[in-house]
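A.B. asks: Structure, please.
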Amino acid sequence: MTGELGLRVWRGDAVAGGGFVEYIVPVEEGEVALDVVLRSQATQAGDSVVRWNCKAGRCGSCSAEINGRLRLMGMTRLSALPAGGPVTAAPLRTFPVICDLVTDVSENYRKAQQVPAFAAPSELGLGEYRMAQIDVGRSQEFRTIDERYDPLRMLIPRWRHRPGRHRDAPGATPHPARETD
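C.D. replies: Numbers count the residues shown, from 1 in each chain. Coordinates of the predicted model:
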């Protein structure tokens with residue numbers, strides 16, 4: 001996939017609103033969505049804002065909605081996206097928009113602080129506690145990012161998905177980046 005790609009990036013903030021802006025960006029074989037978003041930032045939209053850190057899918061900083069699906073931009077290969085149409089990048093609908101593709105995920109950190117640290121039962125001595133293999137596998141699940149499932153599912157807290165609070169529920173406040181037809 002060498003050539004040019006149509007890229008639609010949501011630009012704006014929660015106060016002023018915003019919309020999608022289209023860019024034509026050169027692409028090379030093997031690139032990921034974050035590469036083209038950063039290239040559009042470097043060559044055409046120097047004031048655009050995008051959060052990223054590791055580009056390896058471990059930290060979750062580059063999370064966004066690519067073509068309407070939750071994705072890590074650093075892990076979303078362009079070759080895996082449908083050919084022919086533009087690639088659309090929008091901020092996560094679940095969180096408030098700060099600016100462009102950056103959302104406020106501070107609520108996740110506040111909730112994480114409320115989770116108690118693990119402590120082995122006090123009646124067991126050092127080295128006597130055993131975990132079942134399925135529990136060990138669960139703790140490693142985020143490190144085994146695979147195309148078969150959506151890796152961002154662990155970043156979105158379950159308390160946000162209670163009935164009546166879903167983003168598509170009747171009466172829910174629409175996200176400013178959500179396209180309307």
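
A.B. asks: can you pull the contacts of the closest residue to Asp13 other than its chain neighbours?
C.D. replies: Leaving aside its sequence neighbours, Asp13 sits nearest to Cys99 (C-beta to C-beta, 6 or more residues apart in numbering; 4.6 Å). C-beta coordinates here come from the backbone N, C-alpha and C atoms, glycine included. Contacts were defined as C-beta atoms under 8 Å, 6 or more residues apart in numbering; by that measure Cys99 touches Gly12, Asp13, Val49.

A.B. asks: Do I have it right that the first one meets Gly18?
C.D. replies: In other words, Gly12. Yes - here Gly12 lies in contact with Gly18, judged by C-beta atoms under 8 Å, at a distance of 1.4 Å.

A.B. asks: What average pLDDT does the biggest helix by length in the chain get?
C.D. replies: Secondary structure of the chain read by DSSP state H shows that its longest helix is helix 33-43. The pLDDT scores in helix 33-43 average 94.

A.B. asks: what sits up against it?
C.D. replies: With C-beta under 8 Å, 6+ apart as the test, helix 33-43 has contacts from 5, 7, 9, 23, 25-28, 48, 50, 52, 55, 62, 64, 66, 71, 73-74, 76, 78, 81, 87, 89, 101.

A.B. asks: Okay, and Cys54 sits in which element?
C.D. replies: Here Cys54 sits in a region with no helix or strand, counting by DSSP states H and E.

A.B. asks: picking that back up, helix or strand next in line after the longest helix of the chain, which one?
C.D. replies: Downstream of helix 33-43, the next assigned helix or strand under DSSP H and E is strand 63-66.

A.B. asks: packing partners for that next one?
C.D. replies: strand 69-72, strand 87-90 (3 or more C-beta pairs under 8 Å, 6 or more residues apart in numbering; DSSP states H and E).

A.B. asks: now that strand, how far from the centre of its chain.
C.D. replies: Chain-centre distance of strand 63-66: 4 Å, with C-alpha atoms, centre = their mean, to the nearest Å.

A.B. asks: So which bits of that strand are buried?
C.D. replies: Ser63, Ala64, Glu65, Ile66 (16 or more other C-beta atoms under 10 Å).
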